[in-house]
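[1] Fold the following, please.
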Amino acid sequence: MGAWTPSEKQPLPALYRRFVDALGDSVMNDLDPESAMSKPLDLVCQPPLPRNVRLYVFNCTDHPSERKAGDYRIQLRLPGQKRRQRGELALDPGVLVLLAGYIAEFDIFVFWDANAHSEFPYSKGIQVSAATVHQAAIHGQSDQRRDVRRNGGYPEHVVAVRADRLLSGLQRREELTRLSLLGDPPSVMS
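    Next comes the predicted model:
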């Protein structure tokens, strides 16, 4: 077996830049240098996206120590969060909160259900299957259902989308989030 090569990691400003560039004219505010250095990134968007979008984005990498070989993951850690300290995503009414990972080698964004991971321990790993990532790389977009250990089990739906289809991927993530909040189980598409 050959030596393992890690997924390419990008600095935070590059992750934000790729996201904003992929959305093009849908984003109405500029990406200023100060906001590009911290999490989250708040954006003002125009239809068909909601006006207010909050982005928590991380490098999404594969690693041989992953539970299932080949799967990808993000490590949830917020700026200033210390070991043994819980982190919390800022979930505000009227804001589409995106918990995202970026896989540089495929130009893929992965979106998890931010509500399912709103509070978390330091450096919590969240996975997406290799098959979901590869399907998105080939077909543009893919969904995956996974069970989250929260409140006795929570069916989370993950969306993986190529950057060239980011707008449709965000519309799907918004739809899945809305259905999840309403308690209406969404169907998975591939």
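[2] Poorly predicted segments of the chain, please.
    Low-confidence segments of the chain, defined by pLDDT under 70: 1-7, 64-67, 149-153, 184-190.
[3] biggest helix in it, by residue count?
    Longest helix in the chain by number of residues (criterion: DSSP state H): helix 166-182.
[4] Pull out the buried residues from it.
    Residues of helix 166-182 classed as buried under the neighbour-count rule (16 or more other Cβ atoms under 10 Å) are 166-167, 169-170, 172-174, 176-177, 180. Every residue, glycine included, has its C-beta placed from N, CA and C.
[5] Stretch 34-54 now?
    Judged by neighbour count using 16+ other Cβ under 10 Å, the buried positions of stretch 34-54 are 35-36, 39-41, 43, 45, 49-50, 53-54.
[6] So for that stretch, first residue to last residue, what's the gap.
    Stretch 34-54 has an end-to-end distance of 16 Å (criterion: Cα to Cα, to the nearest Å).
[7] contact partners of it?
    With contact meaning Cβ atoms under 8 Å, 6 or more residues apart in numbering, stretch 34-54 is reached by 12-13, 16-17, 19-20, 23, 25-29, 31, 55-57, 78-79, 89-90, 92, 94-98, 167, 170-171, 174.
[8] in this protein, which spans are helices?
    For the chain, the helices defined by DSSP H occupy 12-23, 130-139, 166-182.
[9] hmm, back to that, can you say which of the contacts of stretch 34-54 are buried?
    Among the contacts of stretch 34-54, those classed as buried by neighbour count (16+ other Cβ under 10 Å) are 12, 16, 19-20, 23, 26-27, 55-57, 78, 89, 95-98, 167, 170, 174.
[10] For Val161, which non-adjacent residue is closest in space?
    Nearest residue to Val161, sequence neighbours excluded (Cβ to Cβ, 6 or more residues apart in numbering): Gly169, at 2.8 Å.
[11] Just want the most central residue of this protein.
    Closest to where the C-alpha atoms of the chain average out (Cα atoms, centre = their mean) is Ala100, at 1.5 Å.
[12] which residue packs closest to that residue, ignoring adjacent ones?
    For Ala100, the nearest residue in space outside its immediate sequence neighbours is Val57; the separation is 4.4 Å by Cβ to Cβ, 6+ apart.
[13] can you check Gly101 too?
    Distances taken as Cβ to Cβ, 6+ apart place Cys60 nearest to Gly101, at 2.9 Å, with adjacent residues excluded.
[14] what's the burial count for that neighbour?
    By the other Cβ atoms under 10 Å criterion, the neighbourhood of Cys60 contains 26 residues.
[15] Then Pro33?
    When counting by other Cβ under 10 Å, one arrives at 8 neighbours for Pro33.
[16] can you tell me which residues contact the closest residue to it other than its chain neighbours?
    Spatial nearest neighbour of Pro33, chain neighbours left out: Pro13 (7.6 Å); criterion: Cβ to Cβ, 6+ apart. Pro13 is in contact with 33, 36-37, counting by Cβ under 8 Å, 6+ apart.
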